[in-house]
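> build me a model from this:
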Amino acid sequence: MSDLLDLYEAELRSKKGGKRLRVRGAGVASGGYYREVTISGAGRVEGDIEADTVKASGSAAFNGGIAAREVKFAGAVKVRGNVKSVLFHAAGAVRVEGRIDAEEVKVAGALKALGVAGKRVRISGSFNVQDDIAGDEVSLRLSDDSRARVIKAGVVEVKGGAERELSLLNLLRLRRTTRVLEVSEINAQEVTLEDVVVRGVINAKRVRMRGKASVEGSVLGEVVKEE
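Residues are numbered from 1 along each chain as shown. Sure, this is the predicted structure:
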C-alpha cells in the first residue's frame, strides 16, 4: 500500500505547473491535472482528476476517479470511480462507486463504497461496503447498522453506539438498541467488540468482548470477556 501511494505522490510532483480549479454552485469542469481542486455546492467534474489536494463540499459529484495526496469531503459527495490518496477524510454522506485506497482513512457519517483499504481506517457512523475493509488498524464506531463483505486487519475494533429511543407502545419507556455489523468474515490478529452484535464469522488469535457485545456466528480463536 505505502509503495503504491509513494508512486502516486512522485508522479504528481513530477508534473510541472498545474492550475487551481474552483467550481461553485452548479458549475461543471473537465477532469485533468490540477494543483488544487475545490468544489462547493452542486459542482461537477467530468473525467479523472489528478491533484495535490482535492476538497469538495455540498452535493459535489466527480464523474471519474481521483488521485491526490489529500482528499477532503464534507456533505453529500459522490465519486463515480476510484479514490487513491495519502489522506482521505470525509464527513457527511459520501458515496464512492469504486475503491478507496489511502494511507489514512477517516470517515464521520455514512459511507457507501466498493472497498476501503488503508494503513489506518477509522469510520464513525455507518457504512455499506460491498467488498472488503482492509488495513493494519481498523476502528469502527457504529451509530447505525452497517455491513461489509470482509474485514481484514492486524487489529480490529468495533464499538456500537447504544442509542436511546422512545417506544411507540409506551412513551414513558426507554429502549436501548444495539447496533449490528453484518460481515461474512472478520480476519485479524486481535478483535475487540463493545456493545455491538456481529453477524458472521470471526477468525482471530484473540477476541475481546465488552458490554453487550455478541456474535451471531462462529468464533475461531480465544474469547476474552471483559467488563
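> I'd like the next helix or strand past the longest strand anywhere in the chain.
What stands out as the longest strand in the chain, according to DSSP state E, is strand 83-142. Downstream of strand 83-142, the first helix or strand assigned by DSSP states H and E is strand 146-160.
> re earlier: so which other helices or strands are in contact with the longest strand of the chain?
helix 2-14, strand 66-75, strand 78-79, strand 146-160, strand 179-194 (3 or more Cβ pairs under 8 Å, 6 or more residues apart in numbering; DSSP states H and E). Using the backbone N, CA and C atoms, a C-beta is placed for each residue, glycine as well.
> go with 7 Å
Taking 3 or more Cβ pairs under 7 Å, 6 or more residues apart in numbering; DSSP states H and E as contact, the helices and strands that strand 83-142 lies on are helix 2-14, strand 66-75, strand 78-79, strand 146-160.
> which other helices and strands contact the shortest one?
Counting contacts by 3+ Cβ pairs under 7 Å, 6+ apart, the secondary-structure elements packed against strand 78-79 are strand 83-142.
> and the strand it packs on, what's its mean pLDDT?
For strand 83-142, mean pLDDT rounds to 97.
> tell me how far it lies from the chain's centre.
Mean-position distance between strand 83-142 and its chain equals 2 Å (Cα atoms, centre = their mean, to the nearest Å).
> now swap in stretch 47-63 and tell me
In terms of Cα atoms, centre = their mean, the centre of stretch 47-63 is set 17 Å apart from its chain centre.
> show me the contact partners of that stretch.
Outside stretch 47-63, the residues within contact range by Cβ atoms under 7 Å, 6 or more residues apart in numbering are 12, 30-46, 64-81.
> repeat that for stretch 71-85.
Here stretch 71-85 has contacts from 8, 48, 54-70, 87-102, using Cβ under 7 Å, 6+ apart.
> now do the closest residue to E97 other than its chain neighbours against G43, distance only.
Closest residue to E97 apart from its sequence neighbours, by Cβ to Cβ, 6 or more residues apart in numbering: R80 at 4.9 Å. Distance of R80 to G43, computed by Cβ to Cβ, to the nearest Å: 14 Å.
> higher neighbour count, those two?
Shown here are R80 and G43; by other Cβ atoms under 10 Å, G43 has more neighbours (24 against 13).
> pLDDT score for that one?
So G43 comes in at 92 (pLDDT).
> T178 too?
pLDDT recorded at T178 is 88.
> now do the contacts for it.
By Cβ under 7 Å, 6+ apart, the contact set of T178 is G160, A162, D195, V196, V197, K212.
> now a PyMOL select for only the buried ones of these.
A single PyMOL command is used to select the members of the contacts of T178 judged buried by 16 or more other Cβ atoms under 10 Å:
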select buried, resi 160+195+196+197
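> for the contacts of T178, which one is nearest V180?
V180 lies nearest to V197 out of the contacts of T178, by Cβ to Cβ, at 4.7 Å.
> what about the closest one, distance to S40?
Distance from V197 to S40, by Cβ to Cβ: 39 Å.
> can you check I133 too?
Per Cβ to Cβ, I133 is found 29 Å from S40.
> looking at these two, which has the bigger crowd around it?
I133 (28 against 18).
> contact partners for the more buried one?
V116, V121, A148, I151.
> can you do 8 Å?
G115, V116, A117, V121, I123, F127, L140, A148, V150, I151, K152, A153 (Cβ atoms under 8 Å, 6 or more residues apart in numbering).
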